[in-house]
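Peer 1: What follows is a predicted protein model with its sequence.
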Amino acid sequence: MIYTYTLTPSLDYTVYLPGFSPGKLNRSEEVYYYPGGKGINVSRVLKRLGADSTAVGLAGGFTGDYLEQFLQDEGIRTALIRTDSITRINVKIKSDQETELNGPGPEITEQERRQLLDRAGRMERGDWLVLAGRIPDSAGADFAVELAGICRDSGIRLAVDTSGPVLKELADMKPELMKPNEHELGELFGAEIKTKEDALHYARLLVRQGVRHVIVSMGGEGALYVSDTMEAEAQAPEVKVVNTVGAGDSLVSGFIAALESGKGAEEAFKYGVAAGSATVSRSDLCRKEDVDTLAEQVTVTRLNGGKNR
Ligand SMILES: Nc1ncnc2c1ncn2[C@@H]1O[C@H](COP(=O)(O)OP(=O)(O)OP(=O)(O)O)[C@@H](O)[C@H]1O
Ligand SMILES: O=P(O)(O)OC[C@@]1(O)O[C@H](CO)[C@@H](O)[C@@H]1O
């Protein structure tokens, strides 16, 4: 079973405009209200790719009701803890540029924190726990590490797609998968990633720390994959950019869905990159038929002479 953990879900209020002028009244005739938050996106994309998951997290207020109902209507199992904090509304402005305005996460009580950890304690060896999105300060500095400890001790495969200082500590907990983008990878090591070689260098350090699969996503440039046995680069296919929100989440979903269907790491990497690019070409995440088509167009090149290291 796959569980996605989203401590800070959102309702993504997505607005398309021909032009956006800060400091002025801007009117849009095309708006959408999508469920959001990184783990929620992972669950939604997994569903479309034919993999079931349970969305664990916190939901509150009218936006929390909307979010939960939306997921259930899509046939996604939810285990959302009801909280007093209203689920945030994140504003995504799509114009000649993409502008995002993300709200803060919920205030997490000690009881909610405990419930989230206990839920992980009931998972089974071999399950996936995808910890994705911002972890609010109210969860406590050690929340993510405690959760990762439960995963490590119970043989749960932890996938990490979060940001901030906690990434460094999580890397030490030997997660199965980390998917930083270049910026997050640089932040993790206090370094500026300027070249692909820089990204490879730091991805290798993560693998040396015990991370099984590291995928560094690089937007329209594609992604890098590093593990103990393979290093590879994938070129992203060219697509019309409609909405890049959730591209990284889709990469994670495609990778995990492919592994779960029995594919090897190289094929899973390719499928993940295809899912990321397919999401970019749609307003509301990818569709399976697009992912399958794009997967044929993604080229994966083995690095280091194409040999396994
Ligand atoms: N402009 C683009 N054209 C084609 N593919 C893209 C583009 N942007 C992103 N992708 C695809 O999506 C994947 C993930 O993108 P990106 O590196 O932007 O993730 P991210 O920063 O984690 O995104 P987010 O936080 O919005 O989910 C890329 O590896 C690539 O396959
Ligand atoms: O504030 P966070 O948790 O870092 O990111 C939240 C968010 O921007 O990420 C998703 C796309 O990856 C969106 O659905 C959501 O609004």
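Peer 2: The structure has been received and is ready for your questions. Ligands and ions are numbered 1, 2, ... in the order given.

Peer 1: pLDDT score for the residue of the stretch 101-250 of the chain found nearest ligand 1?
Peer 2: Distances between the stretch 101-250 of the chain and ligand 1 by Cβ to the nearest ligand atom are smallest at residue 248, namely 2.0 Å. C-beta coordinates here come from the backbone N, C-alpha and C atoms, glycine included. Per-residue pLDDT puts residue 248 at 98.

Peer 1: doesn't residue 183 make contact with it?
Peer 2: No. The criterion here is Cβ atoms under 8 Å, and residue 248 misses it with residue 183 at 10.9 Å.

Peer 1: So which of the two has more stuff around it?
Peer 2: residue 248 (25 against 14; other Cβ atoms under 10 Å).

Peer 1: and the helix or strand where the more buried one lies, does that touch ligand 2?
Peer 2: Taking DSSP states H and E as the criterion, residue 248 maps to helix 247-260. Yes. Helix 247-260 reaches ligand 2 (Cβ under 6 Å from any ligand atom) through 248, 249.

Peer 1: all strands for this structure, in order.
Peer 2: 2-6, 10-16, 30-36, 53-59, 77-82, 88-94, 98-101, 128-132, 157-161, 177-178, 213-217, 223-226, 231-235, 299-302 (DSSP state E).

Peer 1: Export the ones you listed as CSV, with columns for mean neighbour count.
Peer 2: Formatted as CSV, those follow (neighbours: other Cβ atoms under 10 Å):
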stretch, mean neighbour count
strand 2-6, 27
strand 10-16, 21
strand 30-36, 18
strand 53-59, 26
strand 77-82, 16
strand 88-94, 20
strand 98-101, 12
strand 128-132, 27
strand 157-161, 25
strand 177-178, 26
strand 213-217, 27
strand 223-226, 26
strand 231-235, 21
strand 299-302, 14
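
Peer 1: Turn those strands into TSV, columns for mean pLDDT and distance to ligand 1.
Peer 2: Output for the strands of the chain, formatted as TSV (pLDDT from 0 to 100; distance: least, Cβ to the nearest ligand atom, whole Å):
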stretch	mean pLDDT	distance to ligand 1
strand 2-6	98	13
strand 10-16	98	11
strand 30-36	98	10
strand 53-59	98	16
strand 77-82	98	21
strand 88-94	98	10
strand 98-101	96	9
strand 128-132	98	9
strand 157-161	97	7
strand 177-178	98	12
strand 213-217	98	3
strand 223-226	98	4
strand 231-235	98	7
strand 299-302	96	12
